[in-house]
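S.K.: Give me the fold of what follows.
(chains A and B)
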2 protein chains.
Amino acid sequence: MAVYTEVLDEALAAFLAAYEIGDLLSYKGIAEGVENTNFILHTTTGSYILTLYEKRVKEGDLPFFLGLMQHLAANGLACPQPIRTRDGATLGRLCGRPAVIVSFLEGVSVRRPGVRHCRALGAALAGLHAAGADFPMQRPNALSVAGWRPLFEAAEAQADRVASGLAARTRADLTLLEESWPQDLPGGVIHADLFTDNVFFLGDEVSGLIDFYFACTDAFAYDLAICLNAWCFEADYAFNRTKGQAMIAAYQAVRPLEPREVEALPLLARGAALRFMLTRLVDWLNVPPGALVKPKDPLEYDRRLAFHRKVAAAEEYGWSPVTG
Amino acid sequence: MAVYTEVLDEALAAFLAAYEIGDLLSYKGIAEGVENTNFILHTTTGSYILTLYEKRVKEGDLPFFLGLMQHLAANGLACPQPIRTRDGATLGRLCGRPAVIVSFLEGVSVRRPGVRHCRALGAALAGLHAAGADFPMQRPNALSVAGWRPLFEAAEAQADRVASGLAARTRADLTLLEESWPQDLPGGVIHADLFTDNVFFLGDEVSGLIDFYFACTDAFAYDLAICLNAWCFEADYAFNRTKGQAMIAAYQAVRPLEPREVEALPLLARGAALRFMLTRLVDWLNVPPGALVKPKDPLEYDRRLAFHRKVAAAEEYGWSPVTG
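M.R.: Below you'll find the model as predicted:
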């Protein structure tokens, strides 16, 4: 959410000389993205995003991310499309950082999604899973069940500073999920971070999905479980079953869930909540003194976990069998 | 240089309903401007800048700034033009802040201006002075000579922590300038902060001037003196007379300097350098602990002052009589 690297006009002009995107009209650093530096470019051919990858994104993962965005865009998904240089490259270097130019997507992120947004998101998520189905590269999900215990151990000793009893209930969840985590579900490329700020709308239609820097190879239903967590809880942490119903039904209109996915959904939703609680908790406990950016509150996901623990079946998330 | 106020999609939609600028396509917070929050908007009619004024800009000054930008744009100057609502207002409120929408200017700021840029800037500055000539409102320059002693007194005790001897030589400059500051020079609206980041270029042409939030009523030649300081020194603090010559000649091609302005130029340039040294010094000494933004270095202007102290006549800045 900041401009980490200053890019001078001369350096940018030299970088752009390798592309055929017209003449530069303007560029502005924008407050967007995980932890990269992003600029909006206007050129005589349109708008683009220039991204410089800062240290949190591993350079070795970039061919997966860029290849994936190209593959998805080629398969009709509205997502940022890496632009090639005259020499055919998508990844360059600018100011000492790996850098890419991608197409600009119009659209607005919806902070408080309604039922219609959840419905549109369900369809878009299924579209993403379909568009990525034949993508040949693999990237293990480093933030799936095997990655949670190290996160917990890094935070365990101080967890009760954040909320009373947090360490104990998190430990119990973690043990349960490690023992019962569903294996061998239908899977492929998932977004794994499809929060509302990564989805653009024009009116009630999804106009684009962005920020594929957590994308990986994992169970499709886990991606849906992440979206249920991110989109279907109200401000008071009540789960809105109408929103869940709209999202799941729209997803199933493209790709019906298999019975084993339906059965696994409560555990997947609980695991997804634990994953975001843990990464937020570690960030929360490691804020550098004097930092201006307040990290996201882990307790938002502790509250969601309280709901998930009581769920017995997918119906409570709004799932119902595909009919007709 | 940051997004200070978060603007949610619903609040923005309600705000935009008062305007006739088409449908919103996207908005992004940009890292630009003094201490305001700025967004680039794309709508179905084009690009715009949305500015929310944070506390450093006095609300009572906004009618001057907005009226000035309208006046200048109406007189053909390429500057942000405040957009009116259906009701004819330019100033609104968004998220509890005064807010305006202005036209978007394409162009790129040149970090290391060459002679050709200095020439173009000189012409643009004279164009600004001409376009503002019949602007009816007044705004005293709070950062002219009468404002310097309070700044100095706020910094005096700690100035030598920043550079040895800084307090003494600044005190001497200040006394001299207070005694001899030129009065009653030709004047009107000046920009008063026309640094390179406030000037956009497309190729070698100035495509726009922005950031009028220091604009005030003062001597035209003082504005030129600010530009000589901001544009014509090299990285080693040597004054580049070729650049000064290009800037002054281009200015004079539109508005020849009067003899009393030429005579005053060395004092004006010295005063301009002192003004920026003092505001930077105060900021430098008042960095909040843990701040991520490093303030600008006051010593860049202490070095310029060393040059100005030795200047005897305007010729040393590149001035020569208008010929032909």
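
S.K.: Excluding chain neighbours, give the residue nearest to the residue positioned nearest the centre of chain A in space.
M.R.: Taking CA atoms, centre = their mean, the centroid of chain A lies closest to residue A:193, which sits 1.7 Å from it. Distances taken as CB to CB, 6 or more residues apart in numbering or on different chains put residue A:214 closest to residue A:193, at 4.0 Å, once the chain neighbours are dropped. Any C-beta I mention is one placed from the backbone N, CA and C, and that applies to glycine too.

S.K.: if I pick the one you found, what's in contact with it?
M.R.: Counting by CB atoms under 8 Å, 6 or more residues apart in numbering or on different chains, residue A:214 makes contact with A:143, A:191-193.

S.K.: how about CSV for those residues, with pLDDT and secondary structure added?
M.R.: Below are the contacts of residue A:214 laid out as CSV (pLDDT from 0 to 100; DSSP: H, G, I helix; E, B strand; the rest coil):
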residue, pLDDT, secondary structure
A:143, 96, coil
A:191, 98, coil
A:192, 98, coil
A:193, 97, coil
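
S.K.: Include distance to residue A:155 when you put these into CSV, please.
M.R.: Converted to CSV, the contacts of residue A:214 look like this (distance: CB to CB, whole Å):
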residue, distance to residue A:155
A:143, 14
A:191, 25
A:192, 21
A:193, 20
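
S.K.: closest to chain B among these?
M.R.: Proximity of the contacts of residue A:214 to chain B (CB to the nearest CB) peaks at residue A:193, which lies at 19.0 Å.

S.K.: who does the closest residue to residue A:41 other than its chain neighbours bridge with?
M.R.: Excluding the flanking residues, the one nearest residue A:41 by CB to CB, 6+ apart is residue A:48, at 4.4 Å. Per DSSP bridges, the residues bridged to residue A:48 are residue A:41, residue A:103.

S.K.: For residue A:134, see how far away residue A:48 is.
M.R.: From residue A:48 over to residue A:134 the distance is 27 Å, taken as CB to CB, to the nearest Å.

S.K.: Where does the record place the domain boundaries for chain A?
M.R.: If you go by automatic domain parsing, the domain ranges for chain A are A:11-103, A:115-317.

S.K.: would you turn those domains into JSON lines with distance to residue B:306?
M.R.: Listed next are the domains of chain A as JSON lines, based on distance: least, CB to CB, whole Å:
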{"stretch": "domain A:11-103", "distance to residue B:306": "31"}
{"stretch": "domain A:115-317", "distance to residue B:306": "35"}
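
S.K.: Going by neighbour count, list what's buried in the helix ranked longest in chain A.
M.R.: The residue-count maximum for a helix in chain A (DSSP state H) belongs to helix A:259-285. Buried positions in helix A:259-285, judged by neighbour count with 16 or more other CB atoms under 10 Å in any protein chain shown: A:261-282, A:284-285.

S.K.: same thing with stretch A:141-150?
M.R.: A:141, A:143-145, A:148-149.

S.K.: Now for the residue of the stretch 51-200 of chain A found nearest chain B: which residues touch it?
M.R.: Nearest residue of the stretch 51-200 of chain A to chain B: residue A:106, at 4.0 Å (CB to the nearest CB). The contact partners of residue A:106, taken as CB under 8 Å, 6+ apart, are A:200, A:202, A:207-208, B:25-26, B:42.

S.K.: Columns pLDDT and neighbour count on top of those residues, output as TSV?
M.R.: Listed next are the contacts of residue A:106 as TSV, based on pLDDT from 0 to 100; neighbours: other CB atoms under 10 Å in any protein chain shown:
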residue	pLDDT	neighbour count
A:200	98	22
A:202	97	16
A:207	98	18
A:208	98	20
B:25	97	21
B:26	97	22
B:42	98	23
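
S.K.: Looking at those, which are in strands?
M.R.: The strands, defined by DSSP state E, take in A:200, A:202, A:207-208, B:25-26, B:42 from the contacts of residue A:106.

S.K.: Test my guess that residue A:45 contacts residue A:21.
M.R.: Yes: with contact defined as CB atoms under 8 Å, residue A:45 counts as touching residue A:21 (5.4 Å).

S.K.: what residues does the one helix or strand residue A:62 maps to touch?
M.R.: Element membership for residue A:62 (DSSP states H and E) is helix A:62-74. Helix A:62-74 has contacts (CB under 8 Å, 6+ apart) with A:53, A:57, A:79-82, A:90-91, A:98, A:100, A:102-103, A:128, A:131-132, A:135, A:137, A:139, A:189, A:212-213, A:215.

S.K.: low pLDDT regions in the stretch 201-324 of chain A?
M.R.: A:289-293, A:324 (pLDDT under 70).

S.K.: Could you pull out the strands in it for me?
M.R.: A:205-209, A:216-219 (DSSP state E, counting those that start in this stretch).

S.K.: Give me the sheet partners of the longest one and which way each runs.
M.R.: Going back to what we said before, that points to strand A:205-209. When DSSP bridges is applied, strand A:205-209 pairs with strand A:199-202 (antiparallel).

S.K.: Using CSV, write down the CA coordinates of the strand it pairs with.
M.R.: Extracted C-alpha coordinates of strand A:199-202, given in CSV (Å, rounded to 0.1, in the frame of the first residue of the first chain):
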residue,chain,number,x,y,z
VAL,A,199,-12.1,-8.0,-7.4
PHE,A,200,-13.3,-5.1,-9.6
PHE,A,201,-16.9,-4.5,-10.5
LEU,A,202,-18.6,-2.3,-13.1
